[in-house]
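Visitor: turn this into a structure:
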Amino acid sequence: MLAVVGFLYVRPITTYLETRNQLGERRAEVAALRAERARVSARLARTTSLDALARAARGIGYVRPGEHLFIVKGTAEWRRRHDG
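Guide: Numbers count the residues shown, from 1 in each chain. So this is what the prediction gives:
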């Protein structure tokens, strides 16, 4: 009789332990996502100014209307020759 009762409790106990383990993993995941959200919010706050937006746009090659884009190649080689 004791073996039957023990057998009946094996499945619920293993399910409980698995669920408890998953809960710990999910809590760690939530903490990581909250930290990521805080970093993204801080970055967004820093980059909402027009100057920061203009710098970011220029960094990816955008120019203002009426301006001309010039691409200068070979600057690394020029620096090597003139620095040393």
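
Visitor: please count neighbours and contacts with C-alpha atoms only from this point.
Guide: Will do.

Visitor: which SSE is the residue nearest the centre of the chain in?
Guide: When CA atoms, centre = their mean is applied to the chain, the residue found nearest the centroid is Glu36 (5.9 Å). Per DSSP states H and E, Glu36 falls inside helix 2-47.

Visitor: continuing past that helix, what's the next helix or strand?
Guide: helix 50-59.

Visitor: now the helix or strand just after that next one - C-alpha only, CSV.
Guide: Sequence order places helix 75-83 as the next helix or strand after helix 50-59, per DSSP H and E. Output of helix 75-83 as CSV, limited to C-alpha atoms (Å, rounded to 0.1, in the frame of the first residue of the first chain):
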residue,chain,number,x,y,z
THR,A,75,42.3,58.1,-44.9
ALA,A,76,43.8,55.3,-42.9
GLU,A,77,46.7,55.0,-45.3
TRP,A,78,47.2,58.8,-45.3
ARG,A,79,47.3,58.8,-41.5
ARG,A,80,49.9,56.1,-41.5
ARG,A,81,52.1,58.0,-43.8
HIS,A,82,51.8,61.3,-42.0
ASP,A,83,51.8,60.2,-38.4
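
Visitor: and helix 75-83, what does it pack onto?
Guide: Helices and strands touching helix 75-83, by 3 or more CA pairs under 8 Å, 6 or more residues apart in numbering; DSSP states H and E: there are none.

Visitor: from the chain's centre, how far out does that helix sit?
Guide: 35 Å (CA atoms, centre = their mean, to the nearest Å).

Visitor: and that helix, what's its mean pLDDT?
Guide: For helix 75-83, the mean per-residue pLDDT is 88.

Visitor: mean confidence for stretch 26-44?
Guide: Rounded mean pLDDT across stretch 26-44 is 93.

Visitor: over to stretch 47-62?
Guide: Rounded mean pLDDT across stretch 47-62 is 81.
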